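Chemist: just need the structure, nothing else, for what follows:
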Amino acid sequence: MLTHARRLVGLLPGVAASLSLGVLAGPAAAQPYAQQGIDLLSQIPLSGFAAPVPANGNDCWGYVSPTGREYALMGLTNQVAFVDITNPGTPVIVTQVAHSSSSWCGIKVYQRFAYTVNETGGGIQVIDMQNIDTGSVSLVTSITANGMSDAHTLAVNPVSGYLYAAGSSVTGAAGGLVAWSLANPAAPVQAGIWSGHYVHEAQVVSYTSGPYAGREIAFCCDEEAGMHIVDVTNKANMFLVSTATYPGVRYCHQAWLSDDKRYIYINDELDGPAQGVPSTYTRIFDVSNINAPALVGGFSSSASGSIDHNLYVRGRYIYEANYRSGLRVFDAINPTSPVEVAWIDTYPEDDAADFDGPWSNYPFFPSQNIIISDINRGMFVVRLNLNYLTFSFPGGLPTQVQPGVPTPVTVAVGSVGTPLNPATVTLHSRIGGASFTSAPMTSIGGNQFRANLPGTPCGSTVDFYITASDTASSSFSDPKLAPTKFNSALAFSGTITVAAYDMETASGWTSGAVGDTATAGAWERGDPEPTTAQPGDDHTQAPGVNCWITGRAAGAGAGSFDVDGGRTTLLSPIINLAGADVGTRIGYWRWYSNSAGATPNTDIFTVDISNNGGGSWSNVEVVGPTGNQVSGGWYFHDFIVAGVLAPTGSMRLRFIAADDGAGSLVEAAVDDVTVFYYDCTTPCGSADFDGDGDTGTDLDIEAFFACLGGSCCATCGSADFDGDGDVGTDLDIESFFRVLGGGVC
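Modeler: Numbers count the residues shown, from 1 in each chain. Sure, this is the predicted structure:
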């Protein structure tokens, strides 16, 4: 994780030297995490670990005792927890060892010893797991000599028997790579330093065959420069072999070799669209010649908006923590073109590019079970299950449907493992929140199926999802968590705009109102400068640049011009809605962040409306103090005005951002406010009446007249072809043949 994006808490006094048998954690209550190809076996939430409850999870590693019992070593803000996962469905927290409180705790294992570091102090902890099967571990020592107070990560080479610290405080290392001999693993001895560049993470391996036989090589990630390949064979003379850089290096974070050491996979924590790649883009280098590493490709997850983080390779599979989009698994049978085959999203709120969700994973247990260390939700035990159905939509998923007209949905259902039972493909739909009804989907060839969403009244929403089973009667759905999750489409023909404010000009909007107390970060209009809490661009498409924002400038840091000392108010001009359509809505794009600072998630963002020019106010929405839209990002919200207040000629909006807590970091922005209502004109049906993709054929005519007679096919349009509410009239027939001939209704 980013060194400079820490959520630090107070220093924990003292360190426990020996702790005894813990409690049975058991599987957490079933939680709805969307997944594909991964079975969730158990979860221990943060609250399930020893008090004081840790603020976050971070790194993890694994250990197998001589008896074959499997243990997860789970890094937490204030401790390392040792968890018996031999029975993966009922993990047992055996014990824990406290450490200096830090949002990071790096962990590695050599023989029966665990080694941990963090970024606030305490040195390298050496923990003996000899008695872990009987319920205890012992803190043997903490290495603090030669300035070894803190480090970012550790690496172990089990072949050579050396431990390496990356990004440490060791005197003379300059954050580079520091080696300790594990000849006596209970008492590591510093053996050498490579200080050529800062090292964020490293993997160190020994070559036992080929042109590099007998050499020990470290693959070191340098945030700013890329990956340095360092020969560490002679600890007294470690030297740089080469550097693997790539276009758009932003934060070269971590890397792991393929099992044959030919390829290495590198994640960059801050790259993304600005560098011309998805945010989860992972690069592939051919390192068969360590003197000349070659960039040969890359890959990304299907949830490409999140951030790629720690990854590990086992056999043909790459296991990568992708923060807010969960653990992602890629099949690298073609090592230069890995394909995503499985995932579990343990941060269901969103897939944004932010630092929540899985930090790391460990896929090397003999049982094939995998642990996930999650920043927000603790530890997960999962297992690959590559036997599932897949769903895709060749024509896309409708988000808008024409009022009163059946809308065809086409799905392609594939199978990974057991084949599909085509008779089970079903469309489930409902209108306006009623109960779901089911309709079989008709095969249209290959693996594609089609059925119609029902005609939906204008302004109403049709929700829908699809289910199917394989020939072993295992059921699958899209979305994954249906019917808890579902797709939605709104019925309307178009929108009629009453007023629009893109904020490129003031247009009557003003900052400040009676009761405002903010001493910094007052609303102002302009082109925002980016910080970790506020956007670097407005919402309007180019050439638009301006929005209203709480403190436009970035200053020396994120807290320079954020909201401080109280509230600040943004007021709209008077909006005349006298005689407005009953369905008139107001929509706006907003940005809000309260999730940083010493006391995060304590403030709120308030939106109100008045129908008397601001004499009195009624609430529209409150954002925060917690939730999935309080860490930045542009989000759209709209509401029906008459649902809050009776429309008048004196409507007015206000947006209030407030810092009511000590140490909060609060930023807000507003852009692209529109006043509109939906056009409910119902168009005629389609000349492709039977929905088979061929327009105006004899089959369409046959299907139309069959529908007039009361026998409509599953993919057919409506017998009320002209949409006037009267079914099967001469006007419907005339309209059908007019459209069939290329005319309009």
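
Chemist: run a quick neighbour tally on residue 140.
Modeler: Residues near residue 140, counting by other CB atoms under 10 Å, number 14. C-beta here means a position set from N, CA and C on the backbone, and glycine is covered the same way.

Chemist: please name the residues that touch the residue lying closest to it once chain neighbours are set aside.
Modeler: Closest residue in space to residue 140, ignoring its immediate chain neighbours: residue 126 at 4.6 Å, by CB to CB, 6 or more residues apart in numbering. By CB atoms under 8 Å, 6 or more residues apart in numbering, the residues touching residue 126 are 113, 114, 115, 139, 140, 141, 142, 143, 185, 186, 187, 188.

Chemist: any of those residues buried? List them.
Modeler: Buried by 16 or more other CB atoms under 10 Å: 113, 114, 115, 139, 142, 143, 185, 188, out of the contacts of residue 126.

Chemist: hmm, who's touching whatever helix or strand the fourth one lives in?
Modeler: Pointing back at residue 139 there. Per DSSP states H and E, residue 139 falls inside strand 137-143. The contact list for strand 137-143 (CB under 8 Å, 6+ apart) reads 15-19, 82, 94-95, 97, 113-114, 122-131, 180, 186-188.

Chemist: and the helix or strand following it, average pLDDT?
Modeler: Going down the chain from strand 137-143, the next helix or strand is strand 153-157, by DSSP H and E. Averaging pLDDT along strand 153-157 yields 98.

Chemist: list the helices and strands strand 153-157 packs on?
Modeler: strand 105-110, strand 113-118, strand 162-166, strand 201-206 (3 or more CB pairs under 8 Å, 6 or more residues apart in numbering; DSSP states H and E).

Chemist: and among those, the most buried is which?
Modeler: Highest mean neighbour count of the helices and strands packed on strand 153-157: strand 162-166, a mean of 27 (counted as mean count of other CB atoms under 10 Å).

Chemist: direction included, what does it pair against?
Modeler: The pairing partners recorded for strand 162-166 under DSSP bridges are strand 153-157 (antiparallel), strand 177-181 (antiparallel).

Chemist: phi, psi of the closest residue to residue 320 other than its chain neighbours?
Modeler: Once flanking residues are discounted, residue 320 sits nearest to residue 311: 3.8 Å by CB to CB, 6+ apart. Torsion angles at residue 311 (phi, psi; degrees, to the nearest 10) stand at phi -130, psi 150.

Chemist: mind starting the numbering at 414 from now?
Modeler: With the count now opening at 414, the last piece we talked about shows up as residue 724.

Chemist: so residue 724 makes contact with residue 697?
Modeler: No: the criterion here is CB atoms under 8 Å, and residue 724 misses it with residue 697 at 11.4 Å.

Chemist: shared neighbours of those two, anything?
Modeler: Taking CB under 8 Å, 6+ apart as the criterion, residue 724 and residue 697 both touch residue 678.

Chemist: next secondary structure element downstream of the strand ranked longest in the chain?
Modeler: Longest strand of the chain, by residue count under DSSP state E: strand 1077-1092. As assigned by DSSP H and E, the chain's next helix or strand after strand 1077-1092 is helix 1111-1121.

Chemist: quick check: buried residues in that next one?
Modeler: 1113, 1114, 1116, 1117, 1119, 1120, 1121.

Chemist: ok, stretch 446-461 next?
Modeler: Quick answer for stretch 446-461 (16+ other CB under 10 Å): 446-451, 453-459, 461.

Chemist: do stretch 476-487 as well
Modeler: For stretch 476-487, the buried set under the neighbour-count rule, 16+ other CB under 10 Å, comprises 476, 478, 483, 484, 485, 486, 487.

Chemist: can you give me the end-to-end distance of it?
Modeler: Distance between the two ends of stretch 476-487: 11 Å, counting by CA to CA, to the nearest Å.

Chemist: and for stretch 716-735?
Modeler: Stretch 716-735: ends 9 Å apart by CA to CA.

Chemist: pLDDT on it, on average?
Modeler: For stretch 716-735, mean pLDDT is 96.

Chemist: from the chain's centroid, how far away is that stretch?
Modeler: Its chain's average C-alpha position is 13 Å from that of stretch 716-735, according to CA atoms, centre = their mean, to the nearest Å.

Chemist: that older thread, among the strands paired with strand 575-579, which is the most enclosed?
Modeler: strand 590-594 (a mean of 25).

Chemist: that strand vs strand 614-619, what angle?
Modeler: In terms of direction (axes from the mean of the first three to the mean of the last three CA atoms, to 10 degrees), strand 590-594 departs from strand 614-619 by 50 degrees.
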